[in-house]
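S.K.: Here is the input, now give the coordinates:
(chains A and B)
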2 protein chains.
Amino acid sequence: MNKTYTDLNPSPRLLLGPGPSMVHPRVLRTMATPLVGHLDPDFLAILSDVKDLLRFVFQTENELTLAVPGTGTAAMEAALSNLIEPSDRLLACIHGYFGERLAEMADRYGAQTKRLQRPWGEVFDPDEIDLALSTFPAKIVTLVHAETSTGALQPDIDVISEICHRRSALLVLDCVTSLGGMPVEIDSWDVDIAFSASQKALSAPPGLAPITINPRAREVITKRSSPPPAFFLDLLLLERYWSDQPIYHHTAPISTTYALREALRLVYEEGLPARFRRHRAVAENLWQGLEALSLPLFVPQEIRLTTLATPQLHQGIDDANLRQRLLEIYNIEIAGGFGPLAGKIWRIGLMGYSSRVENVRLLLAALEDLLGE
Amino acid sequence: MNKTYTDLNPSPRLLLGPGPSMVHPRVLRTMATPLVGHLDPDFLAILSDVKDLLRFVFQTENELTLAVPGTGTAAMEAALSNLIEPSDRLLACIHGYFGERLAEMADRYGAQTKRLQRPWGEVFDPDEIDLALSTFPAKIVTLVHAETSTGALQPDIDVISEICHRRSALLVLDCVTSLGGMPVEIDSWDVDIAFSASQKALSAPPGLAPITINPRAREVITKRSSPPPAFFLDLLLLERYWSDQPIYHHTAPISTTYALREALRLVYEEGLPARFRRHRAVAENLWQGLEALSLPLFVPQEIRLTTLATPQLHQGIDDANLRQRLLEIYNIEIAGGFGPLAGKIWRIGLMGYSSRVENVRLLLAALEDLLGE
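M.R.: Numbers count the residues shown, from 1 in each chain, chains lettered A, B, ... in the order given. All right, here's what the predicted structure looks like:
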């Protein structure tokens, strides 16, 4: 009568979806390390390393740089819930699913949200944002650097940031699918808040979400008339826990923090320029192979992510069935499109430890087999 | 000039603080398992097991039972942010730090909060709550089952629940330090929402927070006039992800979910009555040893947690210095008191895999050495 629960034994997948990406064996190994307490001096030294290394990967000197104890969605929400006070104006630049998610969060926090839309897969011209701000003076502009739903990279962040600041707006940038795989230059671009997730191009397991807040944005947060609604995501409380004199706020995800440190150490050892070159070379390899299989890329090359490829499907392809066979026969995970792109594209991630030429060759061989059947 | 980051090498601690507790080797091992995707059929089967096993440990049939992708604080906030609409009346029963934290969260979400106070270390008589509700008809009552700041167990939850329902209030119960170590009988007590954390008596690493919502509370949530502010903690969106037809909401912390499943499997194998007996026997062993060291327990035996002991310090003890030497010489973590109990008590956790007689004997021997110096 009693149910039995078997040993954990998940299939050995090759993760080539939009995240989680493959986790390097060195990172997996750290996850099995026995725990220390969240206020242990040994753990505080680990937090300090993580903070340093996050500044390195975000290319910033921002003091307020840390990892939110949740997923990328938690960091996205931390950014907005700390900045927005009811009736604040927010301009949401939307060219895919995650741009809309930011707008929905803003609505929930009582912002006056204006949606500036671009068809999914396109990107914004900075002048459009300037024009929108000229008639809708916003306190906050949200923008997605790397749209995980489309595969498009928003260029000209430095120009857009300059426009936002000239118009007295703060720029919040979603770097979930770019950080650690493509250049993210927070200080030289002068981005006010940027956030990401551990399980994309940083290749750690999910459960922590890097965020960095510059002094301009921090000052806005400190001048709020009331504390932000979400205690769990209160950046000033998180900052106190991540300080030299930590004050308890939550019990940090110890093991995932071990893993994030090791994953960041791998980024540091490789070096950012080499890492970005690797992501580009491996992506180009995939792009060529996809074109050869008559799966042209959805996004033009000049605004294409190297971390996530989005080939267009032709009519003969039974999307769900093919992805299911790819998973069942070859143990390879890729993702479908969603929203207006459901059934029209795939989303193939080549992030962090997933970004290796052998993975591309195997995927292309498997696709060739399945498409040729 | 470049900084170097060494291999991860934290000290081998014996965790006898208020959490995280020690993690069983079987659970640690699962953390090193390569990841699958958060929508992989293999992972959905794991989520389904976790849901089943959480119902087992909460002793409930509640369909809406899952683990919030954050720490215990996230589950606490999920409970309140989904129930509270602005100006709702909330009665916060406070007999320690976490009772006050619930009240602070309620304030942030715009509730009319009334604080019913008891000195730290005491518990409530159900009649007091009845009286308070007679003059302050509240929509929600918050109560802490096991106060991690004092070591006291609130008894009579079934009586209090009956009072709440007679007065048309919902009961939200914080079971962070009881679930998995002491009886938590959600259905027979008729508790509306209860939550906990993975890293206490369940002995998994931190990063997931079990929560269970009964149909009465779920209905209140579905009838909100607007969605709850915190998208990340929106229980109806979390419910959809944890369903048979999952819809993407966040990227689940895969590795921590593996670990929670294995930790819950250990609870299931041991059985709840045996597990509660073990926690009691080991705690009694500690209590006797502490009394013999002239460290009498702060909380009377009839309302004492078996998961967390709080001995009172006598004047000769240099609190911070002694705990530091316990950590440095013996690698044992215990915690101090805070708030009004700072310097007056210690907090010694014996939860899950930490609850073993050999840990008690070592701690007592180490304390004897240090106190005798």
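S.K.: Following element in sequence after the helix or strand containing A:Thr142, please.
M.R.: Assigned by DSSP states H and E, A:Thr142 falls within strand A:140-144. Sequence order places strand A:146-147 as the next helix or strand after strand A:140-144, per DSSP H and E.
S.K.: Output the contacting helices and strands for the next helix or strand after that next one.
M.R.: Per DSSP H and E, the first helix or strand lying C-terminal to strand A:146-147 is strand A:152-153. Helices and strands touching strand A:152-153, by 3 or more CB pairs under 8 Å, 6 or more residues apart in numbering or on different chains; DSSP states H and E, are strand A:146-147. C-betas here are computed from N, CA, C, even on glycine.
S.K.: what's the model's confidence in the strand it packs on, averaged?
M.R.: Within the predicted structure, the mean pLDDT of strand A:146-147 is 98.
S.K.: Local confidence estimate at A:Asn2?
M.R.: We have a pLDDT of 72 for A:Asn2.
S.K.: which residue sits closest to A:Gly17 in space, ignoring its chain neighbours?
M.R.: Once flanking residues are discounted, A:Gly17 sits nearest to A:Ala335: 4.1 Å by CB to CB, 6 or more residues apart in numbering or on different chains.
S.K.: hey, where'd the helices end up in the stretch 101-250 of chain A?
M.R.: A:126-135, A:157-166, A:186-189, A:215-222, A:235-241 (DSSP state H, counting those that start in this stretch).
S.K.: Any idea which of these gets closest to chain B?
M.R.: Closest to chain B of the helices of the stretch 101-250 of chain A, according to CB to the nearest CB: helix A:235-241, at 9.8 Å.
S.K.: Is any residue of that closest one near chain B?
M.R.: No - Helix A:235-241 is not in contact with chain B by CB under 8 Å from any CB of the partner chain; minimum separation 9.8 Å.
S.K.: TSV for the helices of the stretch 101-250 of chain A, including distance to B:Gly289, mean pLDDT and mean neighbour count?
M.R.: TSV is the format used below for the helices of the stretch 101-250 of chain A (distance: least, CB to CB, whole Å; pLDDT from 0 to 100; neighbours: other CB atoms under 10 Å in any protein chain shown):
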stretch	distance to B:Gly289	mean pLDDT	mean neighbour count
helix A:126-135	67	98	16
helix A:157-166	61	98	19
helix A:186-189	53	98	18
helix A:215-222	48	98	16
helix A:235-241	33	98	19
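S.K.: Could you dump the ones you listed into a markdown table and include distance to A:Gln324?
M.R.: What follows is those, written out as a markdown table (distance: least, CB to CB, whole Å):
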| stretch | distance to A:Gln324 |
| --- | --- |
| helix A:126-135 | 40 |
| helix A:157-166 | 38 |
| helix A:186-189 | 40 |
| helix A:215-222 | 44 |
| helix A:235-241 | 40 |
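S.K.: Domain boundaries for chain A, per the record?
M.R.: Domain assignment of chain A by automatic domain parsing yields the ranges A:14-20+A:272-372, A:25-267.
S.K.: Could you look over those domains and pick the most buried one?
M.R.: Of all the domains of chain A, domain A:25-267 has the most neighbours on average by mean count of other CB atoms under 10 Å in any protein chain shown, namely a mean of 22.
S.K.: Let's see the distance spanning it from one end to the other.
M.R.: End-to-end distance for domain A:25-267, by CA to CA, to the nearest Å: 14 Å.
S.K.: List of residues touching stretch A:113-130?
M.R.: Identification of contacts with stretch A:113-130 by CB atoms under 8 Å, 6 or more residues apart in numbering or on different chains yields A:89-97, A:100, A:103, A:106-107, A:132, A:136, A:138, A:141, A:143, A:147, A:149-156, A:159-160, A:163-164, A:167, A:298-299, A:303, A:310, A:339-341.
S.K.: Now do the contacts for the residue nearest to A:Lys139 when sequence neighbours are not counted.
M.R.: Among residues not flanking A:Lys139 along the chain, A:Asp88 sits closest, at 4.7 Å (CB to CB, 6+ apart). By CB under 8 Å, 6+ apart, A:Asp88 lies in contact with A:Ala111, A:Gln112, A:Lys139, A:Ile140.
S.K.: how about these in a markdown table, adding pLDDT?
M.R.: A markdown table is the format used below for those (pLDDT from 0 to 100):
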| residue | pLDDT |
| --- | --- |
| A:Ala111 | 98 |
| A:Gln112 | 98 |
| A:Lys139 | 98 |
| A:Ile140 | 98 |
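S.K.: Report the two of the residues you listed separated the most.
M.R.: Spatially, the most separated pair among those is A:Gln112 and A:Ile140, at 10.6 Å (CB to CB).
S.K.: okay, and the common contacts of these two?
M.R.: Shared contacts of A:Gln112 and A:Ile140 (CB under 8 Å, 6+ apart): A:Asp88, A:Arg89, A:Leu90.
S.K.: Strands of the stretch 251-373 of chain A, start to end?
M.R.: A:308-309, A:332-333, A:335-336, A:346-349 (DSSP state E, counting those that start in this stretch).
S.K.: for chain B, what are the nearby residues on the stretch 201-350 of chain A?
M.R.: So far as CB under 8 Å from any CB goes, the stretch 201-350 of chain A lies against chain B at A:205-207, A:226-233, A:248-256, A:258-259, A:261-262, A:265, A:268, A:327, A:333, A:338.
S.K.: ok now do the closest residue to A:Ala194 other than its chain neighbours, which residues does it touch?
M.R.: Leaving out its chain neighbours, the residue that sits closest to A:Ala194 by CB to CB, 6+ apart is A:Leu173, at 4.5 Å. By CB under 8 Å, 6+ apart, the residues touching A:Leu173 are A:Leu143, A:Val144, A:His145, A:Ile157, A:Val191, A:Ile193, A:Ala194, A:Phe195.
S.K.: so what's A:Leu173 bridging to?
M.R.: Taking DSSP bridges as the rule, A:Leu173 bridges to A:Leu143, A:Ala194.
S.K.: what's around A:Thr4, how many residues?
M.R.: 7 (other CB atoms under 10 Å in any protein chain shown).
S.K.: and it, which of the three is it?
M.R.: coil (DSSP: H, G, I helix; E, B strand; the rest coil).
S.K.: so what's the residue of the stretch 251-373 of chain A found nearest chain B up against?
M.R.: Closest to chain B within the stretch 251-373 of chain A is A:Pro253: 3.5 Å, counting by CB to the nearest CB. By CB under 8 Å, 6+ apart, the contact list for A:Pro253 reads A:Pro69, A:Gly207, A:Leu208, B:Thr71, B:Pro205, B:Pro206, B:Gly207, B:Pro253, B:Thr256.
S.K.: Output these in JSON lines, with distance to A:Phe43 appended to each entry.
M.R.: Converted to JSON lines, the contacts of A:Pro253 look like this (distance: CB to CB, whole Å):
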{"residue": "A:Pro69", "distance to A:Phe43": "13"}
{"residue": "A:Gly207", "distance to A:Phe43": "16"}
{"residue": "A:Leu208", "distance to A:Phe43": "14"}
{"residue": "B:Thr71", "distance to A:Phe43": "14"}
{"residue": "B:Pro205", "distance to A:Phe43": "12"}
{"residue": "B:Pro206", "distance to A:Phe43": "11"}
{"residue": "B:Gly207", "distance to A:Phe43": "14"}
{"residue": "B:Pro253", "distance to A:Phe43": "18"}
{"residue": "B:Thr256", "distance to A:Phe43": "17"}
